[in-house]
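Visitor: next input, structure requested:
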Amino acid sequence: MPIFLENVTVTYDRHPAVHHLSAVIAEGSLVALVGPNGAGKSTLLNALMGLEKVSEGKILGIEREGVAYLPQQALINKEIPISVQELVFSGLWKAVGISRSMTPEHKEYCAQAIDSVGLSGFEKRQISTLSGGQLQRALFARVLVQDCSTILLDEPFNAVDTETTRDLTEVILTWHAQKRTVVIVSHDLPYVREICPTSLLLARECIAYGATHWVLSNENLKKARRMVEAVDQQAPICKRVKAA
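Guide: Here you go, the predicted structure:
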C-alpha cells in the first residue's frame, strides 16, 4: 500500500529537523529524497525506518518488518570480523533468528545474491579487506536476501566508483520493475534526473514533490538552499496552526 506522511515533524533538541511534511509515496514508486546538506533527508529516512521518533504527525502504510534499510557506508564498522557471506546472511535474521546457523539452502540463497551484485568468489573475504565499492556491493546483497517490499537507501553511491554505481543501479531498477517501493537519499542531482521518476525536495520542510524534472528546477533548488541557510537554531519551536 502507499506510505502516508501526515504532518510529520521530527526534532532534535526540540528543534525541527523535518517539520510539517505531508506526502504520499505511491506503492512501487522509485523516489529520490534530495536537498542541501542539513535539509533533513537522512532524518526522514530514519523516521520511515522507525529509527527516529516522530514528534508530531504520523507515518502510515509502512510495516517495519517489510522494510530493508541500507545506511550510509560511513556508518558501517568494517573492522567487525565477519566475511562477505556472513554479512549477507545477517540479512536473513528476521526469517531464521539471530542464533540459527547457516544451512546449505541459506548458503545457496546468499551465493545467488552475492553473484547478482558481482561479488562471486568473495564469499570468504573479510569485509575489512574490501574496497568501498566492494563493500557496497555486499551491502546490496544483504538487502537482496531480505526480499522486502520497501527499500530505503541512504546515499548508496557516495564515494563509490562508476562501475559499481552502474551495476547496483541495475539492481535498483530491477526492484522498481518488481513493483517494490524504493526511496533513495542522494545529493547527485544528475543521477536522480536520470534514474528517479519522482523526487521530494527537502529543506526541513517540503519544497516540492512530484515529477523529478519539475522538482529539480533551478527555482526550487534555489529556494531550498535559501531556506536551509536561513535556519535559526535559537528560534522557538514552530507550530502550524490549523485553519478555522
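Visitor: partners of the residue nearest the centre of the chain in the sheet?
Guide: Most central in the chain under CA atoms, centre = their mean is residue 153, positioned 2.3 Å from the mean C-alpha point. Beta-bridge pairing of residue 153 under DSSP bridges involves residue 70, residue 184.
Visitor: now do the contacts for it.
Guide: 70, 172, 182, 183, 184, 185 (CB atoms under 8 Å, 6 or more residues apart in numbering). (C-beta placed from N, C-alpha, C; glycine too.)
Visitor: pLDDT at it, what is it?
Guide: Note for residue 153: predicted pLDDT of 97.
Visitor: give me the distance between it and residue 32.
Guide: 10 Å (CB to CB, to the nearest Å).
Visitor: the chain: strands as residue ranges?
Guide: 3-12, 15-25, 30-34, 56-60, 67-70, 150-154, 181-185, 198-203, 205-211 (DSSP state E).
Visitor: can you put the ones you listed in a markdown table and add distance to residue 46?
Guide: Converted to a markdown table, the strands of the chain look like this (distance: least, CB to CB, whole Å):
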| stretch | distance to residue 46 |
| --- | --- |
| strand 3-12 | 8 |
| strand 15-25 | 10 |
| strand 30-34 | 11 |
| strand 56-60 | 11 |
| strand 67-70 | 9 |
| strand 150-154 | 8 |
| strand 181-185 | 10 |
| strand 198-203 | 13 |
| strand 205-211 | 17 |
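Visitor: quick one: closest of the ones you listed to residue 229.
Guide: strand 198-203 (9.1 Å; CB to CB).
Visitor: name the residues that touch that closest one?
Guide: With CB under 8 Å, 6+ apart as the criterion, strand 198-203 contacts 18, 21, 23, 26, 29-36, 39-41, 44, 192, 206-212, 215-216, 220-221, 223-228.
Visitor: what do residue 153 and residue 32 both touch?
Guide: With CB under 8 Å, 6+ apart as the test, residue 153 and residue 32 both reach 183, 184, 185.
Visitor: helices and strands of the protein: which one bottoms out on pLDDT?
Guide: Least confident element among the helices and strands of the chain, by mean pLDDT, DSSP states H and E: helix 93-96 (a mean of 75).
Visitor: now that one, how far from the centre of its chain.
Guide: 21 Å (CA atoms, centre = their mean, to the nearest Å).
Visitor: can I get that helix in PDB, CA atoms only?
Guide: Provided in PDB are the C-alpha atoms of helix 93-96 (Å, rounded to 0.1, in the frame of the first residue of the first chain):
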ATOM      1  CA  TRP A  93      17.900 -12.800  10.700                       C
ATOM      2  CA  LYS A  94      14.200 -11.800  10.600                       C
ATOM      3  CA  ALA A  95      13.400 -15.100   8.900                       C
ATOM      4  CA  VAL A  96      15.800 -17.500  10.600                       C
END
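Visitor: residues in contact with that helix?
Guide: 65, 106, 146.
Visitor: so which of those wins on neighbours?
Guide: Highest neighbour count within the contacts of helix 93-96, by other CB atoms under 10 Å: residue 146, with 20 neighbours.
Visitor: do you know how far it is from residue 208?
Guide: 31 Å.
Visitor: hmm, residue 186 and residue 155 touching each other?
Guide: Yes - Residue 155 is within contact range of residue 186, at 6.5 Å (criterion: CB atoms under 8 Å).
Visitor: residues near the nearest residue to residue 137 once chain neighbours are set aside, how many?
Guide: Excluding the flanking residues, the one nearest residue 137 by CB to CB, 6 or more residues apart in numbering is residue 117, at 4.1 Å. Using other CB under 10 Å, residue 117 has 24 other residues around it.
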